[in-house]
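# Please work out how this folds:
(one chain, ligands or ions: 1)
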Amino acid sequence: MNILILGRGKTGSLVAEVARQRGHHVNALGAKDNPKASALTAARLAAVDMIIDFTTPAAVLDDIEACLRAGKSIVVGTTGWYGELPRIRQILEKSGCGSGFLYGANFSVGVNLFFEVARSAAAALQHQYFGQIFERHHAQKKDAPSGTAAALQRIVQDASGTELEITSFREGDVVGLHELVLDSPNDRIYVCHDAKSRRGFAEGAVRAAEWLSGKKGCFDFKDVWREL
Ligand SMILES: NC(=O)c1ccc[n+]([C@@H]2O[C@H](COP(=O)([O-])OP(=O)(O)OC[C@H]3O[C@@H](n4cnc5c(N)ncnc54)[C@H](OP(=O)(O)O)[C@@H]3O)[C@@H](O)[C@H]2O)c1
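As a prediction, the model looks like this:
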């Protein structure tokens, strides 16, 4: 495919690398090339098959709207805008659903598998286990708890009715480690995901773009990753 990547930061640049390795033709734009989505006109997107966005919450909505208005399909990895999802769905419907739109809070297949294991393990909370969530990230990470830890907490709560406490650590250069620990007087269960790099996100995003090609409508990565 002819892929346009929005965002040349930590994740966007890896997405570009993975997409090229998978045989796609790639162009990438950073903040200066695309203020207020000004580079995303129908004319400039004419030869583009797919857009992948790893920018910022401030930029992503303009990007999405411009791509959908131009009838182009877009994969959105950027987080922090989901309150606007109903409005984006409306734009997609009004545009006659000519485009495919796929978003996801976590494009790592490994993390999605981890969530599935955690959902099963949450049954322990109905058998007198005490649960806790721990997450570790590099010292530069600003937000806590991580979005992945918050998602894990929601998954366990939906499965068991129990809201677990999250403890966050910021240290060294840890890429991202998440643990669900279930403790009973007799034993302890550890469910753990330890990311080695950001590459899992990048591979998931490119494979999601390949999956989305030729499809129309709105999709959440957590519902489709099994099909990639
Ligand atoms: N869903 C997932 O699996 C997943 C995984 C990792 C990250 N993320 C999310 O992806 C986003 C990016 O993360 P990151 O770690 O890569 O951040 P980052 O390193 O700060 O990169 C963000 C990039 O966006 C660029 N940008 C800002 N406005 C733009 C615009 N209008 N057009 C094009 N590019 C623009 C910036 O360009 P300049 O450098 O030129 O200013 C910057 O390079 C965040 O929302 C993060 O939470 C999601």
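# switch to C-alpha atoms for all contacts and neighbour counts from now on
Fine.
# Report the separation between residue 149 and residue 134.
Taking C-alpha to C-alpha, to the nearest Å as the measure, residue 149 falls 8 Å from residue 134.
# list residues touching both of the two?
166, 178 (C-alpha atoms under 8 Å, 6 or more residues apart in numbering).
# outside of stretch 196-206, which residues touch it?
Outside stretch 196-206, the residues that touch it by C-alpha under 8 Å, 6+ apart are 11-12, 14-15, 18-19, 52, 75, 77, 106-110, 175-176.
# same thing with stretch 14-24?
For stretch 14-24, the surrounding residues in contact (C-alpha under 8 Å, 6+ apart) are 1-3, 5, 25-28, 198-199, 202-203, 205-206.
# that older thread, more neighbours: residue 149 and residue 134, which one.
residue 149 (22 against 17; other C-alpha atoms under 10 Å).
# okay, that one: pLDDT?
For residue 149, the model assigns a pLDDT of 94.
# helix or strand for it, which one?
Assigned by DSSP states H and E, residue 149 belongs to helix 147-160.
# In strands, which of the contacts of stretch 196-206 fall?
Per DSSP state E, strands hold the following members of the contacts of stretch 196-206: 52, 75.
# ok, of the contacts of stretch 196-206, which come out buried?
11-12, 14-15, 18-19, 52, 75, 77, 106-110, 176 (16 or more other C-alpha atoms under 10 Å).
# if I've got this straight, residue 193 is in a helix?
No. Counting by DSSP: H, G, I helix; E, B strand; the rest coil, residue 193 is not part of a helix but strand.
# Next up, the contacts around the closest residue to it other than its chain neighbours.
Excluding its sequence neighbours, the residue lying closest to residue 193 (C-alpha to C-alpha, 6 or more residues apart in numbering) is residue 178, at 5.3 Å. Contacts for residue 178 (C-alpha under 8 Å, 6+ apart) come out as 133-136, 148-149, 192-194.
# Among the residues you listed, which one sits closest to the ligand?
If you rank those by distance to the ligand using C-alpha to the nearest ligand atom, residue 148 comes first, at 9.3 Å.
# Next, count neighbours for that closest one.
By the measure other C-alpha under 10 Å, the count of residues near residue 148 is 18.
# how near is it to residue 218?
Look at residue 148 and residue 218: by C-alpha to C-alpha, they are 22 Å apart.
# For residue 27, give me the pLDDT.
98.
# what about it, which SS state?
When classified by three-state DSSP, residue 27 comes out as strand.
# With residue 23 instead?
coil.
# start the count at 596, not 1, going forward
Sure, I'll start counting at 596 from here, so that last one is residue 618.
# Does residue 751 touch residue 760 like I think?
No. Using C-alpha atoms under 8 Å, residue 751 is not in contact with residue 760; the gap is 11.0 Å.
# which bits of this protein sit near the ligand?
Where the chain comes near the ligand, counting by C-alpha under 6 Å from any ligand atom, the residues are 601-607, 624-627, 629-632, 649-652, 654, 672-674, 699-703, 796.
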